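Undergrad: my questions concern the predicted model and sequence given below.
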Amino acid sequence: MENNNTLKPQYFYSVGLSYKKADAVVRGKFSLDAKAQNNLLLQAKEEGIPSLTITSTCNRTEIYGFAEHPFQLIKLICENSNGTVEEFQKVGFVYKNQEAVNHMFRVGTGLDSQILGDFEIISQLKNSYAESKSHGLINTYLDRLINTVIQTSKKIKNETEISSGATSVSFAAVRYIMNNVENISDKNILLFGTGKIGRNTCENLVKHTKNEHITLINRTKDKAEKLASKLNLIVKDYSELHVELQKADVVVVATGAQNPTIDNAILNLKKPLLILDLSIPKNVHENVCENEFVTLIHMDHLAEMTDETLENRKLQIPAAELIIETYKEEFMTWTKARKFAPTIHALKEKLNAIKLSEMDYQSKKIADFNEAQAEIISNRIIQKITTHFANHLKHDDTMVDESIGWIEKVFQIEAR
C-alpha cells in the first residue's frame, strides 16, 4: 500500500481480463490500441490516479496501478475500449496488493502466457512502462516492481529451459500450416499485416517452409517493404488485397484493425484457402466459413495445441518459481523497509534532540564536561537503539503497521 500524500489510502491493484476466461471476441472488445492507451493515461492523470501502467496484447488487457477502489481502474479500461462494465464483471479479475504483485511476476516471466514460456510479454511490459513514465505516471513503488520483474524474467530465460524450443503463437501458426498443407514449399502464401506477430510469423515461414512464394501486404506499404527486403519477399499494395486472396493457398492475417478487414464478400475462390487469423480483435469475419473452400483457424485454437516442446517447458516451472520467489522476497523486503524508514528517521531525529538537550544541560552543570567524548558515546547509543528497532520491523513475524504505531506513540513522533 502507498499513501502518496493523499487524504485517502491508495492500494495497488491489477485489474483486467485474459485468455483464461475471455475468448477472442471478448478480448477484442477490451483491446486498447496505441491511441486508446494514450487517452487512458491522460484520463488517469486528470482523475488523480497517481501511478499505473497498461498491458494490452492479443491475450490480455490489464492495468497495474494505485487507486482507492479497483472500479476506478476498471472504468478506465471500459471507457477507452468497446467493452462494458457488465462484460468485465463476467470475465475480469481484480487482484490487490500482494496478489497483484504475484500476478505481475507470473505474467512478466511467461508463466501466465497462453503458450507457456512465451516471453514476448516482457517487451510489451517494458514499452508500457516507458509510455507511463513519459506521462509522469510511474511512482517509486511501480518503478521498482517493474524493474524487478524484468530482472526476474531475464534470469529465468537465462537459467532455465522454459523458453527453449520454438513455441509461440507465430510458430504455432507455422507448425499448423506445415502439418496441414501438403507441399507447402510450392504453395502461395499471403501475409496480411506486418506488426510484431506478423513479422515473427513471416520469419518462421521463411525459415521452416523454404517457400519462395510469400507475398506481403500491409496498410502502410513501407513497413512491408522493409521486411520484404530483409527476407527477399514480394510486396503488393493494400488495394490489391482482394486479387491476392484469390491467388493464395494460405493467408495469415495479423493486422491491428478494430474491425474485420476480410469477409466473405471479397472472396471469389476456385480452390481451397486456409486462413489463420492471429489478430485481436478478430480481423477475419466469421462469415468466410460460409464459403465451402475456406478453412478458418484462430489463434485461440493454435494456443491449445501441445507438443513435446511444451511438455518439456512444464518441467521447468518449479525452477522458474524458485527464481520468482527469490526476487519477490527481495522486493517485499525493500517494500517493508521503505514503509518504516520514515519512522526510523523520525526516531533518530527525536533521540538526537534529546541528546542535544541533555548535553546542553550537563555542560552547564559539570565544570569539566567533555563534550566531544559525550557526542561520540551518545551517537553510538542512538545508532544501536535505531538499529534495534529497524531489525524488529524487518522481522517476518512483526506486525509492521502496529509496531510503527506504538513507536510513534511512545516517542511522540510523526513520520514524514
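TA: Cool, got the structure.
Undergrad: C-alpha from now on. contacts and neighbour counts both.
TA: Will do.
Undergrad: from the chain's centroid, how far away is stretch 30-40?
TA: 15 Å (C-alpha atoms, centre = their mean, to the nearest Å).
Undergrad: again, but for stretch 195-202
TA: That offset, for stretch 195-202, works out to 20 Å (C-alpha atoms, centre = their mean).
Undergrad: and for stretch 345-357?
TA: Offset of stretch 345-357 from its chain centre (C-alpha atoms, centre = their mean): 44 Å.
Undergrad: who's in contact with it?
TA: Here stretch 345-357 makes contact (C-alpha atoms under 8 Å, 6 or more residues apart in numbering) with 378-379, 382-383, 386, 408, 411, 413-416.
Undergrad: what's the neighbour count on residue 312?
TA: 15 (other C-alpha atoms under 10 Å).
Undergrad: that one and residue 201, how far apart?
TA: Going from residue 312 to residue 201 by C-alpha to C-alpha, to the nearest Å gives 23 Å.
Undergrad: quick check, residue 237 in contact with residue 218.
TA: Yes - using C-alpha atoms under 8 Å, residue 237 is in contact with residue 218, at 7.4 Å.
Undergrad: show me which of the two is the more surrounded one.
TA: residue 218 (23 against 14).
Undergrad: pull up the gap between residue 384 and residue 343, please.
TA: 16 Å.
Undergrad: to clarify, my last question referred to residue 136.
TA: 27 Å.
Undergrad: equivalent analysis for residue 250, please.
TA: 65 Å.
Undergrad: the domain parsing of the chain - what is it?
TA: 11-164, 169-308, 338-410 (automatic domain parsing).
Undergrad: residue 327: which of those is closest?
TA: domain 11-164 (6.5 Å; C-alpha to C-alpha).
Undergrad: ends of that closest one, what's the gap?
TA: Domain 11-164: ends 37 Å apart by C-alpha to C-alpha.
Undergrad: so who does the most centrally placed residue in the chain touch?
TA: The centroid of the chain falls nearest to residue 125 when counting by C-alpha atoms, centre = their mean (4.0 Å). Taking C-alpha under 8 Å, 6+ apart, we find residue 125 in contact with 54-55, 108.
Undergrad: so it sits in a helix?
TA: Yes - with DSSP: H, G, I helix; E, B strand; the rest coil as the criterion, residue 125 is located in a helix.
Undergrad: now it: how far from residue 110?
TA: In terms of C-alpha to C-alpha, residue 125 sits 12 Å off from residue 110.
Undergrad: still on that earlier bit, when residue 384 and residue 343 are compared, which one has more neighbours?
TA: residue 343 (22 against 12).
Undergrad: please identify which helix or strand holds the more buried one.
TA: helix 317-365 (DSSP states H and E).
Undergrad: for the helix or strand following that helix, packing partners?
TA: Using DSSP H and E, the helix or strand that directly follows helix 317-365 along the chain is helix 371-394. Applying 3 or more C-alpha pairs under 8 Å, 6 or more residues apart in numbering; DSSP states H and E, one finds that helix 371-394 makes contact with helix 317-365.
Undergrad: tell me what angle the helix it packs on forms with helix 371-394.
TA: Per axes from the mean of the first three to the mean of the last three C-alpha atoms, to 10 degrees, the angle that helix 317-365 makes with helix 371-394 is 150 degrees.
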